[in-house]
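1. below is the sequence, then the predicted model.
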Protein chains: 2
Amino acid sequence: MFDPGELAEPIVQAPLAGGPSTPALAIAVCEAGGLGFLAAGYEQPDAVREEIEQVRAATERPFGVNLFVPAERPADPATVRAYLDELLPEAARQGAELAEPRFDDDGWEQKLEIVLEQRPAVVSFTFGCPPASAIDSLHERDIAAWVTVTTVEEAEQASQAGADALVVQGIEAGGHRGGFADSDGADGWGLLALLRVVSNMVATPLIAAGGIGDGAGVAAVLCAGASAAQVGTALMLSPEAATNDAQRQLLSQPIPTRLTRAFTGRTARGMVNRFLDEHSTAAPPAYPEIHHATSPLRAAARRHGDADAFNLWAGQAHTLARELPAAEIVRQLGAEAREVLRRLA
Amino acid sequence: MFDPGELAEPIVQAPLAGGPSTPALAIAVCEAGGLGFLAAGYEQPDAVREEIEQVRAATERPFGVNLFVPAERPADPATVRAYLDELLPEAARQGAELAEPRFDDDGWEQKLEIVLEQRPAVVSFTFGCPPASAIDSLHERDIAAWVTVTTVEEAEQASQAGADALVVQGIEAGGHRGGFADSDGADGWGLLALLRVVSNMVATPLIAAGGIGDGAGVAAVLCAGASAAQVGTALMLSPEAATNDAQRQLLSQPIPTRLTRAFTGRTARGMVNRFLDEHSTAAPPAYPEIHHATSPLRAAARRHGDADAFNLWAGQAHTLARELPAAEIVRQLGAEAREVLRRLA
């Protein structure tokens, strides 16, 4: 079973579903000694299989695949409809239509089949704790099961369910909060405190995620008990990432980030723009319905380069992101972390 | 001028205004090699002078005094009144009256005079950036001026104003958020990301505050660029702290914390109890008016040991607090931090 302590560099690539994720990024991170990741979320099952095959063909190193655990029940249709009515002028502005606010499971069963067949070193889960049967199936195939947690309770539950590592996500993280329930995040744990408290409660290895943008941040989470640091935003300016051009130009600017359900119906951190500012208050918890409904609107805004109208997911430390090849970023973060630890010891 | 890098232990005591702060706690922290602090906030000016004299008589080590920077203008009286009307049954339940919701400056000028006269090594400021004239006066007397910041903008402003160190407070911290403006904290920075981004913007030494409860946490913030770790909750179970008995019994239990204005009209983190749960939604930003008005109610609840009706300020990592003499806690945190750094280097 894959052990994150064995990585040449203590860096795990965040899956970055729905945008920057590419096989090229995962391959580059793996080849540099980190753990590359593919995002199965939002993808067609066949595309997931193809991407896994692409990565496997290009590197012999271990890599991971991230799956979304489906929501238990649909949101109230009237609540969803009321919010989508508010967004009609946004759609018109982009010359786009809103899509049907459908409830689905993101192809859960099919994608689980694919990872069981393809056997990446790690399968990580976001938005919930997978059932024991899924974890058992992974273990039978020597695949490590990692679970994303944002609270102490989630950490205990995932650990008891047999998770091989916990991706401990602090409030600093960009993109969706990956915990089990969708809270608005106002009471979210900071990464450092969460790592220390979880570290004292469970023996499971921890991967630290949220606002880690440089080697000093990596060294900090290693001190706080993590086996490795998961970085996402820190890789978004690499040429291997499929980061939207409009967002690339904004990432290094000191634009504040905020938690919002405005784009997808689930709490996520993005750089503040007009859409986030105007719709966060009204947006209800209704994922994946609102994600699907706003998808054409956001795609149109991306095509138009209108960075005020689509989600600019980014962690709090986004100004630290470097415009370098992904492998170089991984190596720099590792080298800086070692240097900081040497200097302070 | 005092340099936090010269401390024998990289530990600064949080001022802990309005409860756990005592001269005995400050003395114990100083004697163990950390930087003890007195909280001038809420105190009568004469009491501040006496406490400084007490600490000076007991230790030759440097220590600090914390002042509250006054709010610029009173809150809307009708808003304050509406909230206090909601609290009338709470007061009745404690057999107490609400006090007048008065606006004041916490004796700002007098307290500033006292610290200029008494010359502690450090004067730290909470709730705002002091005017340049105040910082200049401190510098003329060789007193270091530290400013509490919660955002990158505040850090830049305080640094430009001549602060000798920034107390960088993350969202994890217990008690009041110490930044300049009172935001609800929903978009607050996690400590680690804030330290790294601020570290890259200003050359001023940084003191890290928020959710640091053990030596691994101390090591982490040193890696992230801090000169020392400020700890408050971590000292609240020491015999030297004047922590309320009812809270002492709760601190080691895994009770969640939340940000709230319910008790004081200013955002602060406390352990969730009935009062916090029932009144947070309605509580407006109106500090110090609501602080003063609820003061007798909270005092009565403390006397009754009714932990569901007064503020249980605590940081997110409160379960890590140790029931040991303060000096021992300071030494343990320092020793653990060195051990973690040695092991990882």
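-> Sure thing, it's come through.
2. whichever residue of the stretch 51-200 of chain A sits closest to chain B in helix, strand or coil?
-> Distance from chain B to each residue of the stretch 51-200 of chain A (CB to the nearest CB) is smallest for A:Ala193, at 3.0 Å. Every C-beta, even on glycine, is put in place using the N, C-alpha and C of the backbone. Secondary structure, DSSP: H, G, I helix; E, B strand; the rest coil: A:Ala193 is helix.
3. also A:Ile135?
-> Under the three-state scheme (three-state DSSP), the conformation of A:Ile135 reads as helix.
4. and for A:Gly185?
-> If you use three-state DSSP, then A:Gly185 falls in the coil class.
5. does it touch B:Gly185 like I think?
-> No: under the contact definition of CB atoms under 8 Å, A:Gly185 does not touch B:Gly185, with a separation of 11.0 Å.
6. re earlier: the residue of the stretch 51-200 of chain A closest to chain B contacts B:Ala209, correct?
-> No: between A:Ala193 and B:Ala209 no contact is recorded; they are 11.5 Å apart, counting by CB under 8 Å.
7. right, is stretch A:207-227 up against chain B?
-> Yes: with CB under 8 Å from any CB of the partner chain as the criterion, chain B is reached by stretch A:207-227 at A:210-214, A:216-217, A:219-225.
8. which of the residues you listed lies closest to chain B?
-> Nearest to chain B among the residues of stretch A:207-227 next to chain B is A:Gly211, at 3.0 Å by CB to the nearest CB.
9. report how many residues lie close to the closest one.
-> The local packing count at A:Gly211 equals 34, with neighbours defined by other CB atoms under 10 Å in any protein chain shown.
10. just to revisit the earlier point, for the residues of stretch A:207-227 next to chain B, give me JSON lines that also has distance to B:Gly34 and secondary structure.
-> What follows is those, written out as JSON lines (distance: CB to CB, whole Å; DSSP: H, G, I helix; E, B strand; the rest coil):
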{"residue": "A:Gly210", "distance to B:Gly34": "29", "secondary structure": "coil"}
{"residue": "A:Gly211", "distance to B:Gly34": "27", "secondary structure": "coil"}
{"residue": "A:Ile212", "distance to B:Gly34": "28", "secondary structure": "coil"}
{"residue": "A:Gly213", "distance to B:Gly34": "30", "secondary structure": "coil"}
{"residue": "A:Asp214", "distance to B:Gly34": "28", "secondary structure": "coil"}
{"residue": "A:Ala216", "distance to B:Gly34": "23", "secondary structure": "helix"}
{"residue": "A:Gly217", "distance to B:Gly34": "25", "secondary structure": "helix"}
{"residue": "A:Ala219", "distance to B:Gly34": "23", "secondary structure": "helix"}
{"residue": "A:Ala220", "distance to B:Gly34": "21", "secondary structure": "helix"}
{"residue": "A:Val221", "distance to B:Gly34": "24", "secondary structure": "helix"}
{"residue": "A:Leu222", "distance to B:Gly34": "24", "secondary structure": "helix"}
{"residue": "A:Cys223", "distance to B:Gly34": "19", "secondary structure": "helix"}
{"residue": "A:Ala224", "distance to B:Gly34": "20", "secondary structure": "coil"}
{"residue": "A:Gly225", "distance to B:Gly34": "23", "secondary structure": "coil"}
